[in-house]
Structures are given as structure tokens and as C-alpha cells.
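Student: Predicted structure and sequence below. I'll ask about it afterward.
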Amino acid sequence: MPLEQPVMIITGASRGIGAACARLAARRGYAVCINYREREAPAQAVADAIRADGGTAMVVQADVADDAQVIALFARVQQEWGRLDGLINNAGVLERQMRVEDMDAARVNRILATNVTGPLVCAREAIRLMAPRHGGQGGVIVNVSSAAARLGSAGEYVDYAASKGALDTFTIGLSREVAADQIRVNAVRPGFIYTEMHALGGEPGRVDRLKDSIPLQRGGTPEEVAGAVMWFFSDEAGYTTGSFIEVSGGR
Ligand code: NAP
């Protein structure tokens, strides 16, 4: 028997923006599948907190850059909960700050595999469960892009920015492709948000260094991004697809 409450998969939900989305989605009545790649303990902690609050959560390890692992992730949710109503393509990576002239192809391919191929294959699996053609009830996909798609991240990680540009174009194309399947596809573009991601670039204090360049004069919180993401799942967003929300403090 399918679960009575709606079901959502959130990739990379063990910390940061993904964890904030999981907590808010659970409060809004979704059973949430918390995906992570490497570190299980923080993912379990997010699920434990949701359950302690009366919500429903499961934790599933999968590297979104690996097709077979993505297939297993969605199969597990279908097997245990029998339905899928939403996907947040949140998992994303960057690597150490450097100029393009110092990048090698292996690094660029790692970024693209997680930030572009990952969301695409996750969306593919979601469509196969959500489209009425395949026996589903329709649904919503939200891609977590970045203001970097507009700004380009010169001198830091142009490869990452370009991957988010690709994710934006994917959002537009997919939204039109699956609109008749009752699936809406949108994206948010966060700016400088306080998470552990900046440490991957080699500068944990990056948001504080740059905050004076932000019109609102401060970095954002994962919860502020989650609020925008979850708006796309609301009834108020029922006529919105192929659209973007900037969560970047005016930048
Ligand atoms: P974060 O704190 O570094 O968290 C990243 C999450 O993604 C972790 O749960 C990590 O799990 C998971 N992950 C990484 N690679 C994965 C993979 N291949 N498969 C599955 N899970 C994977 O990052 P964040 O700042 O919350 O960023 C979330 C999203 O927001 C990303 O797409 C990022 O590009 C975007 N964004 C962030 C900012 C910002 O300022 N923070 C700004 C704009 C956009 P493990 O630890 O287990 O690997």
C-alpha cells in the first residue's frame, strides 16, 4: 500500500541546504528520503530529528554521479513507500579555488558528474515514478542551482559556475518536456549561504569575507534557501514551471 502522505527525495540532505529542506518538507507533511554520499552519521541525525518531531524519514546512501546507485535509491523509495511526489536535486560539489589555466579535465568531469549528470539521472528516475503515463500522480522537481550560473565565479571555480549554468538550461528544457505529465520543474539560485561547502573550495570563511559585497550586507542561511525551495511545492506555485528564484541577498 502506498504511503498516505506525499513522498519527497532530497539529494545531499545530510547537512547544509539539503538538510534544511528535509526539515521543512517534513514539517509540511512530506515523508522525506534523506540521501547522502559519504558521511552517514549526519544524515541519520537529520532523520532522527525529523522523527522526534513526529515526521517520517528514511536515509539512503547513493552517489548521484553513479547511475546504478541512483536507480537503487529511487527503487528503494518506491519499494518502501510506494509513491513519489517530489524531488529536490540539491547535491552539488565544488573543488579548490583555482584559475581555469590550472584546471585539469578530471576535475571538471567530477564537477559535471555530480552537478549536471546527477540531477539529470535523478530527474529521469523521478519522472518514471511521477508521470501519469507511468502510473504516477504528477509531481514537482526543484533544482538547486547557484547565483554562480549568472556571475561566473571568476578566479574561484568557473567549472562549478558553468555546471550550474547547465543545470539552469536543463531546468528550462525539462520543465517544457514534462509539463503535460503534470510535473513542474523549477530552480533556486542561492548566493553566499553559510554551509560547509566553502571549505571544499579551501576557504571556510568565504561568506564573511565577501558579505560586504552583498546588497543585504550578510550571508544567507540554509533555512532561507529551503523556504524558497518549498514554495515551489505549494499550491500557490501550481502555475509556475521553468522558473527561478534568486536567494542571493540582492546580488
Ligand atoms: P554542503 O554543505 O557541502 O552539503 C553537500 C551535501 O551534498 C552533503 O549532504 C553531501 O553528502 C552531499 N553530496 C555531495 N556530493 C554528492 C553526491 N555525488 N551524491 C550524493 N550526495 C552528495 O553543500 P550546500 O552548501 O548545502 O550546497 C547544497 C547545494 O546548494 C549545492 O548544489 C550547491 O552547489 C548549492 N549552492 C550552495 C551555495 C552556498 O553558498 N552554500 C550557494 C549556491 C548554491 P556527503 O557529505 O555524504 O558527501
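Tutor: Yep, it's here.
Student: what residues does this protein put near the ligand?
Tutor: 11-12, 14-18, 35-39, 63-65, 90-93, 114, 118, 144, 146, 190, 192-193, 195-197 (Cβ under 6 Å from any ligand atom). From N, CA and C alone the C-beta is placed, and that goes for glycine too.
Student: Quick check on those: which are buried?
Tutor: Neighbour-count burial (16 or more other Cβ atoms under 10 Å) applied to these gives 11-12, 14-18, 35-37, 63-65, 90-93, 114, 118, 144, 146, 190, 192-193, 195, 197.
Student: Show me those residues that map onto helices.
Tutor: 16-18, 118, 197 (DSSP state H).
Student: Including distance to residue 152 and pLDDT, could the residues you listed go into CSV?
Tutor: Formatted as CSV, those follow (distance: Cβ to Cβ, whole Å; pLDDT from 0 to 100):
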residue, distance to residue 152, pLDDT
16, 22, 98
17, 21, 98
18, 24, 98
118, 22, 98
197, 18, 96
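Student: Mind checking which of the residues of the chain next to the ligand are in strands?
Tutor: 35-36, 144, 190 (DSSP state E).
Student: in the stretch 101-250 of the chain, which spans are strands?
Tutor: 139-144, 183-190, 244-247 (DSSP state E, counting those that start in this stretch).
Student: out of the ones you listed, deepest packed?
Tutor: Sort these by mean neighbour count, taking mean count of other Cβ atoms under 10 Å, and strand 139-144 sits at the top with a mean of 27.
Student: So which elements touch it?
Tutor: For strand 139-144, the packing partners by 3 or more Cβ pairs under 8 Å, 6 or more residues apart in numbering; DSSP states H and E come out as strand 86-89, helix 118-130, helix 158-177, strand 183-190, helix 222-231.
Student: Identify the residues contacting residue 50.
Tutor: Contacts of residue 50 were listed using Cβ atoms under 8 Å, 6 or more residues apart in numbering, and they are 22-23, 26, 32, 56-57.
Student: what's near enough to touch the residue of the chain most remote from its centre?
Tutor: Within the chain, residue 101 marks the point farthest from the mean C-alpha position, 29.2 Å out by Cα atoms, centre = their mean. If a contact means Cβ under 8 Å, 6+ apart, then residue 101 has no contacts.
Student: distance of it from the ligand?
Tutor: Applying Cβ to the nearest ligand atom, to the nearest Å, the value for residue 101 to the ligand is 23 Å.
Student: And that residue, how far from residue 134?
Tutor: Residue 101 is 46 Å from residue 134, where distance means Cβ to Cβ, to the nearest Å.
Student: What about residue 72, how many residues nearby?
Tutor: By the criterion of other Cβ atoms under 10 Å, residue 72 has 14 neighbours.
Student: What values do phi and psi take at it?
Tutor: Here is the backbone geometry of residue 72 (degrees, to the nearest 10): phi -70, psi -40.
Student: what does the model give the nearest residue to it once chain neighbours are set aside for pLDDT?
Tutor: Leaving aside its chain neighbours, residue 72 sits nearest to residue 62 (6.4 Å; criterion: Cβ to Cβ, 6 or more residues apart in numbering). pLDDT, residue 62: 99.
Student: count of neighbours near residue 62?
Tutor: Residue 62, neighbours per other Cβ under 10 Å, totals 23.
Student: May I ask you to confirm that it is in contact with residue 37?
Tutor: Yes. Between residue 62 and residue 37 there is a contact at 7.3 Å, judged by Cβ atoms under 8 Å.
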